[in-house]
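Asks: What would the 3D arrangement of this be:
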Amino acid sequence: MRKRTMEELNRLSVTDFKSTDKFPLTLVLDNVRSLHNVGAAFRTADAFAIEKIWLCGITGRPPQREITKTALGSTESVAWEYAATTVAAVQLLKAAGYLLVAVEQTNQSQDLTGFQPIANQPYALIMGNEVFGVDDEVLALCDAAVEIPQFGTKHSLNVSVAAGVVLWDFISKMLAARR
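Replies: This is a model prediction of the structure:
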C-alpha cells in the first residue's frame, strides 16, 4: 500500500470546480463565531461539491487569516454570500424552493440516520452558533430538524465536524438514490 500522488488524485482546478455540477445543498452558518469553523466549513463544502455557503450575522467572512489558513484555498472555489441576518438568508432560500433543515436538537428533530432526502430537491442545512445553536426565529422557518446520534457524555459536536457528518450523510443518500 502507498499513498496516491497528487497527479493520481486528479483534483479539479478552481476554474473546473466552479463549472462542475454541484450537489443541491447549501450550508447556512447562523452566527458562527469561530473563524476556524468557517474555514473548515469552506474546505468541507469544496470536498463535497456543494452549491454555496451563506455566512450570516456575526459569522466571519473571507479574507481573514484564520479562515484562509483552515480553508486551504477553498474560499476561492466555493460560492458564498453574506446576509446580515440568518432569517433573511433562509427566507431567500425558501422562496427559491429549498427545504430548510436545521442541524439541531429539538423536540421534533429526526435522527439523521433516519432522514431521507428527496431526490433532486435542494436543501439548505443550517448550522447554529457554537453556544446557542440555531436561532429560535430561524428554527420557526425550518421544514425539518435533524440531529446526529451521539453516544458519549457530550451532546454536541463542533460546528465544522457536524457540518461534515451531515453533508456526508446527505450526499451518501443522494448518491444511493441515483443508482
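
Asks: So for whichever strand or helix holds residue 168, mean pLDDT?
Replies: Element membership for residue 168 (DSSP states H and E) is helix 159-178. Averaging pLDDT along helix 159-178 yields 95.

Asks: by contact count, what packs against that helix?
Replies: With contacts taken as 3 or more C-beta pairs under 8 Å, 6 or more residues apart in numbering; DSSP states H and E, helix 159-178 sits against strand 23-30, helix 35-47, strand 99-103, strand 123-127. To be clear about C-beta, it is placed using only N, CA and C from the backbone, and glycine gets the same treatment.

Asks: residues touching the most centrally placed residue in the chain, list them.
Replies: Among the residues of the chain, residue 27 comes closest to the average C-alpha position under C-alpha atoms, centre = their mean, at 3.3 Å. When contacts are counted by C-beta atoms under 8 Å, 6 or more residues apart in numbering, residue 27 touches 41, 45, 50, 52, 53, 54, 124, 125, 127, 163, 167.

Asks: Highest neighbour count among those?
Replies: Neighbour counts for the contacts of residue 27 (other C-beta atoms under 10 Å) peak at residue 41, which has 31 neighbours.
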